[in-house]
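> the following comprises the amino acid sequence and a computationally predicted model.
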Amino acid sequence: MFNENVINVLSQINGITNSVILKYPETVAVSEAQDMMVFFNVAELDSDQFSDIALKDSLGDFLNLVKLFPNNRSIDLSENTINISNGDTSSVFITDNIALMDAYDKSPEQFVKTEEVPSVVEFDLLVDDLKKIKSATGVFKDLSEVIFSAQDSDVKISLGATNKFNAKSNTFGISKSAQSSKEFEIKIPVENNEKIQSQMLGEGEILINDILIESLSNNFVLRSLVASTLLTDEEASLLENGGSYLFEEIQEINNETIIKKLYERVLQRVEETPDHFGWLLDVIGEEYKRDYKKEYKNYHGKPKQRKERAARTAARELMIKKGRVKKGDGKDIDHKKPLRNGGSKGINNLRIRDKSENRSDNGHKKGETQKKDSWK
């Protein structure tokens with residue numbers, strides 16, 4: 001039940017909704033705005049039948065849970081739970097009441113009725129077409145609309161910008177051979193993809209930094225990084241053995257160069273699979289009862305805090321250059337008068353403190369240690 005093909009389709013559906021009633025043999029998903037429906041023929045991908053399953057605001061949580069059982073998992077249903085197991089590991093996921101999800105209880109008959117409505121044109125829009133359009137939004141930042149138009153029977157999907165200040169602009173389009181019975185033009189506004197990715201990476205970089213450093217002494221975090229596929233097993237072993245060099249001043253030493261490259265790889269994977277990074281934050285947040293996404297948005301992501309963090313990083317680099325501290329020495333660089341209280345960035349406001357002492361002043365328990373059992 002729920003083989004990899006089904007999970008992959010549900011992951012795509014999760015892009016438009018986090019609530020769904022899963023039905024066999026056919027499921028109809030509805031977007032949260034109630035403006036989009038997706039028909040999914042489950043029986044074509046999985047022969048294991050199941051009774052109706054209601055997931056209210058929890059499809060993403062269910063998919064994240066399944067990722068923790070990557071191989072040879074067994075999924076069974078009881079009255080209101082989904083039971084997942086793999087060897088000596090198991091989990092119970094509570095489902096919702098279908099009666100409370102009327103807005104998401106749709107029938108495939110609506111798709112049949114739609115097909116009976118006379119169409120103006122039919123054409124195939126391929127995944128490669130969508131990838132090209134998505135990439136083009138990063139190249140042509142002034143184009144803010146996807147435009148579907150028909151002229152001389154053919155259909156063209158293009159990027160455009162419709163406003164009086166942009167009478168002339170760059171263009172990008174894909175033509176499709178079709179037999180349109182009417183000329184039309186449909187415009188759909190889109191956000192610039194590159195801008196979104198750049199913002200996500202810029203804001204997530206600090207969290208990635210913190211999480212990787214935390215994984216040096218916290219095996220739960222390290223295991224979660226591997227489960228999210230942001231790290232491979234081999235890379236996790238590298239973190240465990242050589243991670244003390246992370247994010248210190250990079251010198252011409254092979255080990256440090258490897259660690260720096262590892263950090264770059266994680267950033268690249270976050271860019272390629274931002275949903276995996278979101279899953280990682282949710283898992284760590286649930287374990288330690290902290291909403292990392294909200295915490296970053298409300299505090300760490302603000303310009304003032306990012307500026308202060310950059311100042312703290314620069315302070316440590318300065319002390320390394322002066323030979324006052326070194327990698328793995330268990331020392332922190334502290335501002336005598338905190339930056340948040342108007343303290344100076346100058347060297348006269350810096351002091352070297354034991355890491356546990358300094359961090360106990362910042363909300364951590366003095367002498368707090370992490371479990372050192374194997375991460376595997």
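Thanks, I have it.

> okay but residue 343 is in contact with residue 351, surely?
No: proximity of residue 343 to residue 351 does not meet the contact threshold set by CB atoms under 8 Å, at 11.4 Å. In this view, the C-beta of every residue, glycine as well, is placed from N, C-alpha and C.

> give me the common contacts of those two.
residue 336 (CB atoms under 8 Å, 6 or more residues apart in numbering).

> mind jotting down where the helices sit in the stretch 101-250 of the chain?
Using DSSP state H, counting those that start in this stretch, the helices of the stretch 101-250 of the chain run over residues 109-116, 127-139, 193-215, 219-227, 233-242.

> domain-wise, how is this protein divided?
The chain resolves into domains spanning 4-116, 127-190, 195-360 when parsed by automatic domain parsing.

> save these as TSV, and put in mean pLDDT and mean neighbour count too.
Below are the domains of the chain laid out as TSV (pLDDT from 0 to 100; neighbours: other CB atoms under 10 Å):
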stretch	mean pLDDT	mean neighbour count
domain 4-116	90	15
domain 127-190	79	14
domain 195-360	67	15
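
> may I have the beta-bridge partners of the closest residue to residue 74 other than its chain neighbours?
Ranked by CB to CB, 6 or more residues apart in numbering and with sequence neighbours excluded, the top spatial neighbour of residue 74 is residue 85, at 5.0 Å. Applying DSSP bridges to residue 85 yields these beta-bridge partners: residue 74, residue 90.

> what does residue 37 give?
residue 30.

> surely it touches residue 110?
Yes: using CB under 8 Å, residue 37 is in contact with residue 110, at 7.0 Å.

> can you list residues touching both of the two?
residue 28.

> could I have the CA atoms of stretch 3-12 written out in CSV?
This file holds the C-alpha atoms of stretch 3-12, laid out as CSV (Å, rounded to 0.1, in the frame of the first residue of the first chain):
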residue,chain,number,x,y,z
ASN,A,3,4.1,2.5,-3.0
GLU,A,4,6.8,5.0,-4.1
ASN,A,5,4.9,6.0,-7.2
VAL,A,6,1.8,6.9,-5.2
ILE,A,7,3.9,8.8,-2.7
ASN,A,8,5.6,10.8,-5.5
VAL,A,9,2.2,11.8,-6.9
LEU,A,10,0.9,12.8,-3.4
SER,A,11,4.1,14.9,-3.0
GLN,A,12,3.1,16.8,-6.1
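
> show me what it is in contact with.
By CB under 8 Å, 6+ apart, the list of residues contacting stretch 3-12 reads 20, 22, 40, 42, 45, 46, 48, 59, 63, 66, 275.

> inside helices: which ones of the residues you listed?
Counting by DSSP state H, the part of the contacts of stretch 3-12 found in helices is 59, 63, 66, 275.

> please, where are all the strands along the stretch 201-350 of the chain?
Ranges of strands in the stretch 201-350 of the chain, per DSSP state E, counting those that start in this stretch, are 331-335, 350-354.

> need those strands in CSV with distance to residue 103, can you?
As requested, the strands of the stretch 201-350 of the chain are arranged in CSV below (distance: least, CB to CB, whole Å):
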stretch, distance to residue 103
strand 331-335, 52
strand 350-354, 56
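
> wait, residue 49 sits on residue 26?
No: applying CB under 8 Å as the test, residue 49 and residue 26 come out as separate, 11.8 Å apart.

> quick one on the thing from earlier: the residue nearest to residue 74 and residue 91, how far apart?
Separation of residue 85 from residue 91 (CB to CB, to the nearest Å): 8 Å.

> okay, and the common contacts of those two?
By CB under 8 Å, 6+ apart, residue 85 and residue 91 have these common neighbours: residue 69.

> any idea how far residue 142 is from residue 9?
Distance of residue 9 to residue 142, given as CB to CB: 35 Å.

> correct me, but residue 103 touches residue 34?
Yes: the criterion here is CB under 8 Å, and residue 103 meets it with residue 34 at 6.5 Å.

> look up the closest residue to residue 91, ignoring the ones flanking it.
The shortest distance from residue 91 to any non-neighbouring residue, by CB to CB, 6+ apart, is to residue 84 (4.9 Å).

> right, and that neighbour touches residue 69 too?
Yes: at 5.5 Å, residue 84 counts as touching residue 69 under the criterion of CB under 8 Å.

> got any residues that touch both of these two?
Shared contacts of residue 84 and residue 69 (CB under 8 Å, 6+ apart): residue 91.

> quick check: phi and psi at residue 125.
phi -110, psi 110 (degrees, to the nearest 10).
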